[in-house]
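[1] fold the following, please.
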Amino acid sequence: MLLGSISAAAQQLPPPADSSTAGTAQGDVSVTIYTNDVALVQDIRPLNLASGRVQQNFPDVSAAIRPETVSLTVPDAAIVEQNFDYDLLSPSSLMEKAVGETITLVRTNPATGAETRDRAKVLAVNGGVVIEVNGHVEVLRDDGLPVRAVFDRVPDALRARPTLSVTLTSTRGGTRPATLSYLSRGLGWSADYVALFDDKSGTVDIQGWVTLKNSSGTTFANAKTLLVAGEVGSADDDGSGGYAPRPRRRTTTRPGTESAAREQLGDFYLYPLADRTTIADKQTKQVSFLDAKGVAAGAGYRFENGWLGSSDEPRSAQSVLRFSNSGAAGLGDALPAGVVRVYVRDARGQPQFTGENRIEHTPQGSTIALPTGDAFDVKVQPVTVSRTRQGDSRWRTAMQYKLTNARARPVTVELIQGGLDWNDVRVVEDSAKGERRTAGTLAWQVSVPANGSTTVTATFDTRY
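    Next up, the predicted model:
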């Protein structure tokens, strides 16, 4: 389709009706960005309005605006009608709007440089441009030959920038501030964390970054930016969601009960950027929001076995980084959902990446167990030793878990037996005292000697 090589001879055309000077037509902009593809834009612009019924254009609104959410407040003026014009001026849209119209084709002879001009009627733009010229029908080909299309005018329906058009009735003339607010898609943010763990000191340094992404089709210049951690409700969400299985290495959190010293909006935490910033279209921007040194932390291992899970071969335990975001631990802040990437210094002192995982929105004072990968030297082999029927609907199940450690120092493994929540379970006996963490899990803290092994046994009386 010969659209990329076709250009409008703009110097021969009158400017579009909403053309503005270089830069942005936005005023004092504030952007509140949520984490589920919704943002609130508030834009205060000075308007010089005449008295009576007037039409006012607002260019440089978001191309992903939700027009039904627009609110405009203008002193001594009322809104009669509003329209959002999002059909933007481009070579392809200009040609599509010219169907049925006559344009001028300018062809250049590559050998001589001589130009020829022909008037042509645009018949169709369907996978290519079909024109009628000099009494015959021709398809413009994208074959590299010098050709350009000259249009007599820019169609009224096309705008150089996303534009909101509003009809107002003004009771007086003069300049006054207009407050425009609307919801938009295409703006989002997420949190990313870099954690440098020091096993010798038992501490971790955590730096938090806010990652802003703008795909709204519009740049927001010098904007006051506020980030909201939490999922706000949407009328477009029917609540069904759909089932998505959790990853095997899921982060577990014991929720905290400390109040963070951070502004809240209802049940959401606010993370304002310290300075105004320009959020350019098609840009990803990172801003630091957390820098905590020497947070108490420890490395460990975890292995979770499903109900009646049995393995012919030993399986790797998960490597887990444990830390707390409590004030006493040295972090002291609520953590928005995001990905934590963990680094450990090697023997040469160089930080090396050892794994990553996701945390959910985490209140202050929580204890976080972050799996970062599968352990090389620490293995667990679960075996279902026996299953004996005790009655019409009761079974007695004997389990054995063999833990091995090839490291030169002892380790502690959090051994978890899952799948107990629907089985009406009684623990008949276990070789080590387990803790019922939830209705569905029983956990043991198992010490495994250096270059050695140990075995845990448990017998369950269950419904099935």
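[2] what segments of the stretch 251-400 of the chain are strands?
    252-254, 264-265, 268-272, 277-279, 283-305, 315-324, 338-345, 351-359, 367-389, 395-405 (DSSP state E, counting those that start in this stretch).
[3] give me whichever of the ones you listed is most buried.
    Among those, strand 315-324 has the highest mean neighbour count (mean count of other C-beta atoms under 10 Å), at a mean of 21. C-beta: built from backbone N, CA, C; applies to glycine.
[4] show me what that strand packs onto, helices and strands only.
    strand 187-198, strand 203-214, strand 283-305, strand 367-389 (3 or more C-beta pairs under 8 Å, 6 or more residues apart in numbering; DSSP states H and E).
[5] between the strands of the stretch 251-400 of the chain, which gets nearest to Q56?
    strand 277-279 (24.8 Å; C-beta to C-beta).
[6] turn the strands of the stretch 251-400 of the chain into TSV, including distance to L49.
    Output for the strands of the stretch 251-400 of the chain, formatted as TSV (distance: least, C-beta to C-beta, whole Å):
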stretch	distance to L49
strand 252-254	54
strand 264-265	34
strand 268-272	33
strand 277-279	29
strand 283-305	34
strand 315-324	57
strand 338-345	45
strand 351-359	50
strand 367-389	55
strand 395-405	77
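[7] nearest to L226, out of these?
    Taking the strands of the stretch 251-400 of the chain one by one with C-beta to C-beta, strand 268-272 is closest: 4.9 Å.
[8] so for that closest one, mean pLDDT?
    For strand 268-272, mean pLDDT is 86.
[9] likewise stretch 104-122?
    83.
[10] numbering from 791 from now on, please.
    OK, 791 is where the count begins now, so the last one is stretch 894-912.
[11] circling back to that earlier point, which one of the strands of the stretch 1041-1190 of the chain lies nearest to R938?
    Of all those, strand 1073-1095 comes closest under C-beta to C-beta, at 31.5 Å.
[12] centre of the chain to that closest one, how far?
    A distance of 18 Å separates the centroid of the chain from that of strand 1073-1095, by C-alpha atoms, centre = their mean, to the nearest Å.
[13] list the neighbouring strands of that strand plus their orientation.
    strand 993-1004 (antiparallel), strand 1105-1114 (antiparallel), strand 1201-1207 (parallel) (DSSP bridges).
[14] rebuild the ones you listed as a markdown table, extending it with mean pLDDT and distance to S852.
    Below are the strands paired with strand 1073-1095 laid out as a markdown table (pLDDT from 0 to 100; distance: least, C-beta to C-beta, whole Å):
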| stretch | mean pLDDT | distance to S852 |
| --- | --- | --- |
| strand 993-1004 | 94 | 9 |
| strand 1105-1114 | 95 | 39 |
| strand 1201-1207 | 95 | 47 |
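[15] take those and write them to JSON lines, including distance to Y1061.
    Formatted as JSON lines, the strands paired with strand 1073-1095 follow (distance: least, C-beta to C-beta, whole Å):
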{"stretch": "strand 993-1004", "distance to Y1061": "7"}
{"stretch": "strand 1105-1114", "distance to Y1061": "20"}
{"stretch": "strand 1201-1207", "distance to Y1061": "32"}
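[16] please identify which of those strands is closest to L1055.
    Minimum separation from L1055 across the strands paired with strand 1073-1095 (C-beta to C-beta) falls at strand 993-1004, 16.7 Å.
[17] report the angle between the closest one and strand 1058-1062.
    Between strand 993-1004 and strand 1058-1062, the angle comes out at 80 degrees (axes from the mean of the first three to the mean of the last three C-alpha atoms, to 10 degrees).
[18] hey, what's I869 bridged with?
    With DSSP bridges as the rule, I869 is bridged to L958.
[19] measure it to L837 for me?
    Per C-beta to C-beta, to the nearest Å, I869 is found 13 Å from L837.
[20] more neighbours: which of the two?
    L837 (21 against 15; other C-beta atoms under 10 Å).
[21] what's across from the more buried one in the sheet?
    R966.
[22] quick one: contacts for P967?
    834-837, 865 (C-beta atoms under 8 Å, 6 or more residues apart in numbering).
[23] of those, grab the buried ones for PyMOL.
    Command for PyMOL, covering only those of the contacts of P967 found buried under the criterion 16 or more other C-beta atoms under 10 Å:
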select buried, resi 835+837
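[24] what's the farthest-apart pair in the contacts of P967?
    Largest pairwise distance in these, by C-beta to C-beta, is 13.0 Å, between R835 and P865.
[25] my read: P900 touches V937, true?
    No. Counting by C-beta atoms under 8 Å, P900 does not reach V937; the two are 11.0 Å apart.
[26] so for these two, which sits in the more crowded spot?
    V937 (17 against 10).
[27] for Q1076, see how far away W979 is.
    10 Å.
[28] okay, and the common contacts of those two?
    Common neighbours of W979 and Q1076 (C-beta under 8 Å, 6+ apart) are 1000-1002.
[29] wait, which of those residues is closest to G964?
    Looking across the shared contacts of W979 and Q1076 and measuring by C-beta to C-beta, the closest to G964 is L1002, at 37.6 Å.
[30] which residue sits closest to that closest one in space, ignoring its chain neighbours?
    Closest residue in space to L1002, ignoring its immediate chain neighbours: K1075 at 4.4 Å, by C-beta to C-beta, 6 or more residues apart in numbering.
[31] ok, the one you found - contacts?
    1001-1002, 1004, 1067, 1069.
[32] tell me the pLDDT of it.
    90.
[33] out of the helices and strands packed on strand 1105-1114, which gets nearest to G1020?
    G1020 lies closest, by C-beta to C-beta, to one member of the helices and strands packed on strand 1105-1114: strand 977-988, at 12.0 Å.
[34] for the closest one, what is the average pLDDT?
    For strand 977-988, mean pLDDT is 95.
[35] list the neighbouring strands of that strand plus their orientation.
    strand 993-1004 (antiparallel), strand 1128-1135 (parallel).
[36] now these in CSV, with distance to N916?
    Below are the strands paired with strand 977-988 laid out as CSV (distance: least, C-beta to C-beta, whole Å):
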stretch, distance to N916
strand 993-1004, 33
strand 1128-1135, 45
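[37] coming back round to it: between the strands of the stretch 1041-1190 of the chain, which gets nearest to V1238?
    Here strand 1185-1195 is closest among those (C-beta to C-beta), at 4.1 Å.
[38] what about G963, neighbour count?
    Counted with other C-beta under 10 Å, G963 comes out at 13.
[39] repeat that for S955.
    Neighbour count for S955, taken as other C-beta under 10 Å: 17.
[40] appreciated, that's everything.
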